[in-house]
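Peer 1: Whatever this is, show me its structure:
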Amino acid sequence: MLIKNRDALNCPDCGRVFELLPGDHSKDGDPCPSDDCVSHRYAKADRAYEVYNFGAGVTVVDSDNWDTTDLDDFTKIVYVAYDEFPDSDSQKVSFHVRFDNSGCIDDVYALEMRNGNEIGYR
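Peer 2: Predicted structure coming up:
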């Protein structure tokens, strides 16, 4: 995957350049990529994960692969450690990237699995 700049990527399948954040529309003014190119969604989800801020005092330790059972809601389990509890085991967080019908990112959020609290911000 060729990165043009911080906010744009080329699709590995069709080569089209598309913007990831914010607004999630292509640099050339075209609407978001169509639903038939799932690689666009993977690239957008990866980028949203890379730039997501899990919050002060939170360190990402590891993560699983994307669960794409629902192509409108990419999810992955992320393992985080909290600086305030250095001797504790890592905690599971459910990270979500939600897409609208046109393939644009609609929402990005992370939920602590132990209590359902939302952490971090986009």
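
Peer 1: Kindly state the beta-bridge partners for residue 63.
Peer 2: Partner residues in beta bridges with residue 63, using DSSP bridges, are residue 78.

Peer 1: chain center to stretch 55-63, what's the gap?
Peer 2: 15 Å (CA atoms, centre = their mean, to the nearest Å).

Peer 1: In that stretch, which residues are buried?
Peer 2: For stretch 55-63, the neighbour count (16 or more other CB atoms under 10 Å) marks 58, 60 as buried. (C-beta placed from N, C-alpha, C; glycine too.)

Peer 1: Quick one: mean pLDDT over it.
Peer 2: Across stretch 55-63, the average pLDDT comes to 96.

Peer 1: ditto for stretch 68-87
Peer 2: The pLDDT scores in stretch 68-87 average 94.

Peer 1: End to end on it, go ahead and measure it.
Peer 2: For stretch 68-87, the first-to-last residue distance is 33 Å (CA to CA, to the nearest Å).

Peer 1: Other residues contacting that stretch?
Peer 2: 35, 38, 41-42, 45, 49, 54, 57-67, 88, 90-101, 110, 113, 119 (CB atoms under 8 Å, 6 or more residues apart in numbering).

Peer 1: of those, buried ones?
Peer 2: Here, 16+ other CB under 10 Å leaves 41-42, 45, 49, 54, 58, 60, 66, 91, 93, 95-99, 110, 119 buried among those.

Peer 1: one step back: filter the contacts of stretch 68-87 down to the ones in helices?
Peer 2: 38, 41, 42, 45, 49 (DSSP state H).

Peer 1: Let me know how buried residue 114 is, in neighbour terms.
Peer 2: 9 (other CB atoms under 10 Å).

Peer 1: My guess is it contacts residue 92. True?
Peer 2: Yes. The pair residue 114 / residue 92 is scored as a contact, 7.3 Å apart, by CB atoms under 8 Å.

Peer 1: pLDDT and distance to residue 75 added to the ones in helices among the contacts of stretch 68-87, as JSON lines?
Peer 2: As requested, the ones in helices among the contacts of stretch 68-87 are exported to JSON lines (pLDDT from 0 to 100; distance: CB to CB, whole Å):
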{"residue": "38", "pLDDT": "82", "distance to residue 75": "15"}
{"residue": "41", "pLDDT": "88", "distance to residue 75": "12"}
{"residue": "42", "pLDDT": "90", "distance to residue 75": "13"}
{"residue": "45", "pLDDT": "93", "distance to residue 75": "9"}
{"residue": "49", "pLDDT": "97", "distance to residue 75": "11"}
